[in-house]
Every structure is written in structure tokens, then in C-alpha cells.
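*Asks:* pasting the structure only:
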């Protein structure tokens, strides 16, 4: 017995949720300023894209998120490597980093605006601060995940610490690092939006705030959909790069589907 593809089932599920949402709003006659119908949301999305208003603000937020991701990743990789390979570095640096991470990044956003202004720099800094900690932790765990027996073997073969780092520790850490990249990319987008909420002149966060003042709830939902699609696109890019570079990683192999008849397909 043939089974429908998973992509079709996923699409049907999404359409079913949207239909139920549309029907519930229409039957209950709920005001649009509380919960708009999906038809009004997608109409607002269409008008925003057709007028290029959403595209202009989307481009600003995308640049902020990507630059913040790059800056946060560089800091995370450097600090993570220092902490993973140096007990002295861990002793002095890690407690300060953990205490800094415990601070709510939303509470730091006003200070960052004061320090860096309302321009691009403050949004990049906020995105980088939000993104760097998960990647740093994954880098530390990954670099320490190398098999100690293999490390001892390479040392017995007179391999230098740099050779061990390059040929053993980095390959062992790559699955962890790319998992951190996936999280950091999402958090950098969130950090950019938070910074735009606090103070900015352009960006999707500014657009959401302006729609809040005009009670344009359908427009807010349409911007949220756009943000979700942007996050999905950025996450997919990281996943595709990971699959291309880490083709040898066994954790990426999908478990085969086992239908009801018990035959593997």
C-alpha cells in the first residue's frame, strides 16, 4: 500500500490549521484588532510585499542578523577554543562569561543603544551578544569530545598539539559547532528584532512597533509570518552547508521509515 509523501501531509496540515482558524474567526465574528482571519493576514502580506515596504525593512533586519551572527560566531569560536584547550583560560574566563550570559539581553538593549546609537552598530552588537553563548558552549563541548585514546595515540606518534588540534579535535567538534551555528543564527535574528524594538529607524521590528500604534493586527501577523519565513530560510542554509561539509557525520543519517506492513522503504 502506497503512502502519501510527508511533504504533502505537512502541506495538508498547514492548510487544515488555516481553514480552522478562518472558520473560527468568521463564526465567532471576532474583531480584527483581536485576531484577524488568515485571509486578511495574507492580504496584508501581499500589499506589504507588492509595495516593497516589507522588502526594504526586511533587508535591513537581514543585514543586522547576518552581521551579528558572524561577529558573535567569531567571538564564540575564539573564546570556546581558549577555554576548551586551556584550564587556566577556563578558570579565569568561564565564570565571567556565564554571569554575563545570565543577564537578560533585553535588559542590556537600552544600554547598547546608548553606547552604539540608533544605527546599524547597536543592532549588530545586540544580535552578536544574543547569539554567541550557545555556539561557545558547543565549541567547548565539541573540542573536548575527541577520543582521548586517539589523542594518546597521536602523541605517541610524536604528533604536535597543533596537529592533534587540526586533525582530531576540529573534526570531532564540527557536528557540535554546526549545531551551535543553527541555534546562533536563530538567536541573532531575535536579537536584531529586540534591538529594533528598543530603538531603531528601520527594520521589521520598527514596522511591528508602528503597526502596534495603529492597531494594524493583520499587518503585525503578516510581518511575523515574514520573520518566520526568514528564520526558516537562514536555518535551512546552515543545514544545507552542514550536510555538504559533514557528509561523514553519522548523526545526519535519517532513520528509514517503517510502514505498517513492516517493509523498509
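*Replies:* Sure, I can see it. Being a predicted model, the structure only gives us computed values, none of them experimental.
*Asks:* In three-state terms, label residue 31 for me.
*Replies:* Look at residue 31: counting by DSSP: H, G, I helix; E, B strand; the rest coil, its state is coil.
*Asks:* What is the burial count for it?
*Replies:* 10 (other C-beta atoms under 10 Å). C-beta: built from backbone N, CA, C; applies to glycine.
*Asks:* got it, and residue 164?
*Replies:* Quick note: residue 164 (other C-beta under 10 Å) scores 18 neighbours.
*Asks:* Pretty sure it sits against residue 151.
*Replies:* Yes: between residue 164 and residue 151 there is a contact under C-beta atoms under 8 Å: 6.0 Å.
*Asks:* residue boundaries of the helices in this protein?
*Replies:* Assigned helices in the chain, in chain order: 6-28, 38-50, 53-85, 87-102, 105-116, 120-143, 148-156, 161-164, 170-198, 204-213, 217-245 (criterion: DSSP state H).
*Asks:* what's the weakest-modelled helix or strand in this protein?
*Replies:* The weakest-scoring helix or strand in the chain, judged by mean pLDDT, DSSP states H and E, is helix 87-102 (a mean of 81).
*Asks:* List the buried residues in that helix.
*Replies:* 94, 97 (16 or more other C-beta atoms under 10 Å).
*Asks:* got a list of contacts for that helix?
*Replies:* 79, 82-84, 133, 136 (C-beta atoms under 8 Å, 6 or more residues apart in numbering).
*Asks:* quick one: it to helix 120-143, angle?
*Replies:* Going by axes from the mean of the first three to the mean of the last three C-alpha atoms, to 10 degrees, helix 87-102 is angled at 130 degrees with respect to helix 120-143.
*Asks:* quick one: low-confidence ranges for the protein?
*Replies:* Along the chain, segments meeting pLDDT under 70 span 1-4, 250-265.
*Asks:* Repeat the analysis, applying 50 as the threshold.
*Replies:* Scanning the chain for pLDDT under 50 picks out 255-265.
*Asks:* Which residue lies nearest the spatial centre of it?
*Replies:* Centroid check for the chain by C-alpha atoms, centre = their mean gives residue 186 as the closest residue, at 1.3 Å.
*Asks:* The closest residue to it other than its chain neighbours: how many residues sit nearby?
*Replies:* Leaving aside its chain neighbours, residue 186 sits nearest to residue 231 (5.9 Å; criterion: C-beta to C-beta, 6 or more residues apart in numbering). As a burial measure, residue 231 scores 15 neighbours (other C-beta under 10 Å).
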